[in-house]
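*Asks:* My questions concern the predicted model and sequence given below.
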Amino acid sequence: MRRPDLKQADPGRRRLAIGAAGAAVLIGSIDAYVLVTVLVDMIGEFDIPVNHLERATPLVTGYLLGYTAGMPLLGRLSDRFGRKALIHACLAAFAIGSVISALATDLWPLAAGRTLQGLAGGALLPVTMALAADLFTARRRPAVLGWVGAAQELGAVLGPLFGAAVAALVGWRGIFWINVPLALLAALAIQFALPKTEARRDAGRIDFLGGLLLALALGLFTVGLYNPDSAAAVLPSWGLPTVIAGAVVLVVFGLQQRYSATRLLDPAGVAWRPFAAGLAASLAAGAALMVTLVDVQLLAQTLRGLDATGGALLLLWFLAGLPAGALLGGFIASRYGERLPAAIGFAAAAAAYFWIARTVPDIEPGLALAGAALGATIAPLSSAALRTTPEDSHGTASAAVVVARMMGMLIGVAALTSWSLHRFQQATADLDTPLPFGISEAEYLALQADYLKALNAALANQYAEVFTAAACICAAAALVSLAIPGRVRARTHSLIRGLPG
């Protein structure tokens, strides 16, 4: 059964619909960042010492893996059963995960609740992106996706502030309880704003095996790259075999997709060269984004001596630029095509990270430019994925873009952080902490000053290397972005519109 053409619906109704879905995206995005400022208080309740924060890793990786693993399947389900039904299901699961998290009395139930929240909250973004393709033409779509991307990135700005404010008033559990009425309000808005769509009976079966294989591969990569003892080596003792196992599973996933009659993304009608280029660029964007989120906080608390709040304010220079850049990128892409803002955005991000690397620790201007530049790539990459895939695969294609970005975040931060911390341990291995024994006070103070100077120099070099690596990743993404579609031509009537050649 063919769905009615929602692009012919009343313009006001279409704007209301995408606005309601965007509000749901904002709620999910806020939840992704809400624990940043309250994590120490939370783990204290579970008797985890501050100097063993790695024990709280399941709270972060569980959410990220849930966010990533379910997207391909849920995106495909939205192609099959409609966007409205999937958004309602995701909001319900998000509320249930929030209740589980709020009631948790141990770390693992809390991690389970966060995983369910990630699974449900993460799917809201690709389903809303696919909804934008249902509601708006290819010409208008990038600007709309810019607004959706801005809502997603605004959550990164508001999440830590929202979490700190709610926790200060009612404790950290209140952060999860308040999600329940928010999800209910979002569901009511979706119910009345979104036009009713019929399920597609011609959309084919759902590839549960492919989704499981992809989730397993992502999990193996994350476990293999996470290193709780960075002083020993870049990878933990189990790292190399686990990463190899992840690569093997990924190959099996590729073979399964190649030969199975049921696939996550039907290859028929897909323009693979520009589609793959968009996914590769999204992978790079995720790596640069997550490295910034992690290392700016570390830099703030080490080189600049700031507390967690001060680190969040420093990071705000970067985060505030993301939604503004998303709007700008969507505006440019709607007029000049996706290739131009994507390539220029990544090139500007590369320049910004090179600037940051050379101005450590005074990095505010570079952070602002990096945030705006990376934000400008969001809408073009999303729009390019939708333009290079058939209409009945838009949910899956949107999920692929977000999954690629999340894979970049998971793999990039694990690899670069482990490598940089290992380099730091090597650089400081010969530094001896001065002790006030057998020497005068003046000699001790002089030795301590020399020690701190050498330590800060090693830290500054570590951060400079990390941001230089981020610059190289963005520069490579700028080149890859040249392969995605250019300007939409009105005379093009093919299923895949606006492709070069």
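*Replies:* Okay, I see it. Numbering: from 1, shown residues only.
*Asks:* At the geometric centre of this structure, which residue sits there?
*Replies:* The residue lying closest to the centre of the chain (Cα atoms, centre = their mean) is Met406, at 4.7 Å.
*Asks:* Determine how far whichever helix or strand that residue is part of lies from the middle of the whole chain.
*Replies:* Assigned by DSSP states H and E, Met406 belongs to helix 394-427. Distance, stretch centre to chain centre, for helix 394-427: 9 Å (Cα atoms, centre = their mean, to the nearest Å).
*Asks:* what do you get for stretch 318-329?
*Replies:* The chain centroid and the centroid of stretch 318-329 are separated by 14 Å under Cα atoms, centre = their mean.
*Asks:* For that stretch, report the contacting residues that lie outside it.
*Replies:* Contact partners of stretch 318-329, identified using Cβ atoms under 8 Å, 6 or more residues apart in numbering, comprise 142, 146-147, 149-154, 156-157, 292-293, 296, 341-342, 345, 367-380. C-beta here means a position set from N, CA and C on the backbone, and glycine is covered the same way.
*Asks:* what's the average pLDDT for it?
*Replies:* Summarised as a single mean, pLDDT over stretch 318-329 is 93.
*Asks:* same question, stretch 371-389
*Replies:* 92.
*Asks:* ok now that stretch, how far from the chain's centre?
*Replies:* 13 Å.
*Asks:* And for stretch 155-165?
*Replies:* Averaging C-alpha positions (Cα atoms, centre = their mean) puts stretch 155-165 16 Å from its chain's average.
*Asks:* Averaged pLDDT, the host helix or strand of Gly345. What do you get?
*Replies:* Using DSSP H and E, Gly345 maps to helix 339-359. The average pLDDT within helix 339-359 is 96.
*Asks:* check which helix or strand covers Val243.
*Replies:* Using DSSP H and E, Val243 falls within helix 239-259.
*Asks:* Alpha carbons of that helix, as CSV, please.
*Replies:* Extracted C-alpha coordinates of helix 239-259, given in CSV (Å, rounded to 0.1, in the frame of the first residue of the first chain):
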residue,chain,number,x,y,z
GLY,A,239,41.8,-5.2,23.4
LEU,A,240,43.4,-6.6,20.2
PRO,A,241,41.5,-9.9,20.1
THR,A,242,38.3,-8.1,20.9
VAL,A,243,38.7,-5.5,18.2
ILE,A,244,39.7,-8.3,15.8
ALA,A,245,36.5,-10.2,16.8
GLY,A,246,34.5,-7.0,16.2
ALA,A,247,36.0,-6.7,12.7
VAL,A,248,35.2,-10.3,12.0
VAL,A,249,31.6,-9.8,13.0
LEU,A,250,31.4,-6.7,10.9
VAL,A,251,32.6,-8.7,7.9
VAL,A,252,30.0,-11.3,8.7
PHE,A,253,27.4,-8.5,8.8
GLY,A,254,28.6,-7.3,5.4
LEU,A,255,28.3,-10.8,3.9
GLN,A,256,24.9,-11.3,5.4
GLN,A,257,23.7,-8.0,3.9
ARG,A,258,25.2,-9.0,0.6
TYR,A,259,23.6,-12.4,0.2
